[in-house]
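# quick one: sequence plus predicted model below, questions after.
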Amino acid sequence: MTKRTNVLLLHQDGIDADAISRELTASGMKVEVASPDSRESFKTVLADIRPDAVLSEYSPDRFSACEVIDVLRYESPETPVIVVADSVTGLAAVSCLRAGVEDIVIRKNLKRLPSAISSAIEKRTPLTKLTSRQVEVLRLVAEGNRTRDIADRLKLSVKTVESHRGEVMKRLGMHDVVSLVRYALRVGLIPANP
C-alpha cells in the first residue's frame, strides 16, 4: 500500500480552497488547509502537518510563496512549493522560480495540479537520502564556501567535511561540485539571486 500524499494548502479563499481540495482528493491526496501569517506560525504548521508538498498563492502583500520557500529551505528542504494563482506576471513568475518554487499552476488549469505535485515531489526525493548535516554541507558548498570555511563554520574537521561532500555526491549520483551546485539551485536549497 502506497503512502497517501499529504498536501498543505496556504492562503486560498474558501471557494478556491474547495476547488483545489476536490481536485486533489479525487486523485487520492490528503489536503490540509492553513493560513500562517509569519515564519513562526508556518514552522508550527509544518511541524504539525509534515506535508509532502505545499501549495501557496503568489501574494506579495501577505506571507508570500518566497517566504514559504525561505522557511522550507532550512526546515524541510525536501518539501516542494507550488504556486497556485489566477495569473502570474513574467516578473512575478521569475521571482518565484528563482526563489525555489517548483512550479506555477494557474487556477483555470487545476486538472494539472496532481501531476505537478507528483513531479515536484519526485524531483526532490533525492534530498530524503541525505542527513540534515549532509544537506547543510551541500548548501554551504553550493553557496561557494571552501572546505576549510565549511569546516570552521560547522566546527568539523576538513576531512569530515570532505567525507560528507563525497557521501552527498554518491547519494545524489553526481560526480562534480558543479552538478551539486546546479542541483542545489534547482531545488531551492540556495536562492538563485542571493
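Received, thanks. Since this is a predicted model, take the numbers as computed values, not measurements.
# quick one: least confident helix or strand in this protein?
helix 90-99 (a mean of 76; mean pLDDT, DSSP states H and E).
# which helix in the protein has the most residues?
helix 158-172 (DSSP state H).
# packing partners of it?
helix 132-142, helix 147-154, helix 177-186 (3 or more Cβ pairs under 8 Å, 6 or more residues apart in numbering; DSSP states H and E). All C-beta atoms are positioned from the backbone trio N, CA, C, and that covers glycine.
# would you mind finding the most buried of those helices?
Comparing the helices and strands packed on helix 158-172 by mean neighbour count (mean count of other Cβ atoms under 10 Å), helix 132-142 comes out on top with a mean of 19.
# in contact with the spatially most central residue of the chain, which residues?
Compute the mean C-alpha point of the chain, and by Cα atoms, centre = their mean the closest residue is P80, 3.3 Å away. Residues in contact with P80 (Cβ atoms under 8 Å, 6 or more residues apart in numbering) are 53-54, 102-103, 117, 120-121, 123-124, 187.
# centre of the chain versus the helix or strand following the least confident helix or strand of the chain, how much separation?
Using DSSP states H and E, the helix or strand that directly follows helix 90-99 along the chain is strand 103-106. Put simply, strand 103-106 sits 14 Å off its chain's centre (Cα atoms, centre = their mean, to the nearest Å).
# so V84 sits in a helix?
No. The assignment for V84, made by DSSP: H, G, I helix; E, B strand; the rest coil, is strand rather than a helix.
# that one and V105 touch, don't they?
Yes. Here V84 reaches V105: they are 5.3 Å apart, a contact under Cβ atoms under 8 Å.
# fine by me, we can end here.
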